[in-house]
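> Okay, predicted coordinates and the sequence, questions at the end:
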Amino acid sequence: MTIHSTTARVNEACSLHTADVYGSDGRVRDRITFRRATTKGKQETRSVPVSPELRKLLAGYRSERPYLFPGRWGRGHICPESADAILRAAFKRLGIEGASTHSFRRTAITWMHNERVPIKHIQSISGHKSLSALQRYIDVTEKDKEMAIATLSFRL
């Protein structure tokens with residue numbers, strides 16, 4: 001859920017520090033911080049607002065370890081490959097084909113775009129360096145095309 005609700009890449013989510021999510025009082029912060037060292041390109045830190053749904057999940061999760069998602073035997077954080085394997089196994093059990101850890105990121109970006117969130121806002125949240133890179137994430141369905149064409153009928 002963290003991946004989807006923040007548009008984070010799997011490695012960014014896996015390497016979250018508990019302090020990036022929870023304040024010293026143990027409450028979920030208003031924003032999740034993705035540290036520069038864990039972002040793609042390692043160019044800048046970004047923070048993303050916490051949605052009410054994610055806040056509720058995180059409030060019930062509270063990790064006492066340094067990393068939000070600790071690795072095996074509590075050493076470091078879970079590695080992205082392990083998270084990917086766990087997720088793929090869950091997809092297989094549920095009969096979901098063609099999905100991956102990146103599917104959550106793509107879906108969140110597409111949903112924001114469909115809700116008419118300005119593309120620059122989505123770029124700021126997702127951490128894409130260019131609009132062209134971001135636009136590759138926005139899926140267009142047959143229904144989207146039909147709705148676009150339907151707007152033309154009102155102009156005639």
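Received, thanks. Just so it is clear, the model here is predicted, and its values are computed rather than measured.

> List of residues touching stretch 85-93?
Glu97, Ala99, Ser100, Thr101 (C-beta atoms under 8 Å, 6 or more residues apart in numbering). For the C-beta atoms, the positions are set from N, CA and C on the backbone; glycine is no exception.

> Which among these count as buried?
Among these, those classed as buried by 16 or more other C-beta atoms under 10 Å are Thr101.

> Which pair of the contacts of stretch 85-93 spans the longest distance?
The largest separation in these, counting by C-beta to C-beta, is between Glu97 and Thr101 at 14.9 Å.

> correct me, but Val48 touches Ile32?
Yes. In this structure, Val48 is within contact of Ile32 by C-beta atoms under 8 Å, at 5.2 Å.

> Where does the prediction get shaky in the protein?
Within the chain, the ranges that satisfy pLDDT under 70 run 1-4, 154-156.

> need the strands for it, in chain order.
31-34, 46-49 (DSSP state E).

> Strand partners (parallel or antiparallel) of the first one?
Okay, so that is strand 31-34. strand 46-49 (antiparallel) (DSSP bridges).

> so how far is the partner strand from its chain's centroid?
11 Å (C-alpha atoms, centre = their mean, to the nearest Å).

> In it, which residues are buried?
Going by 16+ other C-beta under 10 Å, strand 46-49 has these buried residues: Arg46, Ser47, Val48.

> Need those in JSON lines (columns: distance to Arg27).
JSON lines is the format used below for the buried residues of strand 46-49 (distance: C-beta to C-beta, whole Å):
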{"residue": "Arg46", "distance to Arg27": "21"}
{"residue": "Ser47", "distance to Arg27": "16"}
{"residue": "Val48", "distance to Arg27": "17"}
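
> thinking again about what came up before, columns distance to Gly60 on top of the strands of the chain, output as TSV?
Putting these into TSV (distance: least, C-beta to C-beta, whole Å) gives the following:
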stretch	distance to Gly60
strand 31-34	16
strand 46-49	19
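
> Of these, which is nearest Pro70?
strand 31-34 (17.0 Å).
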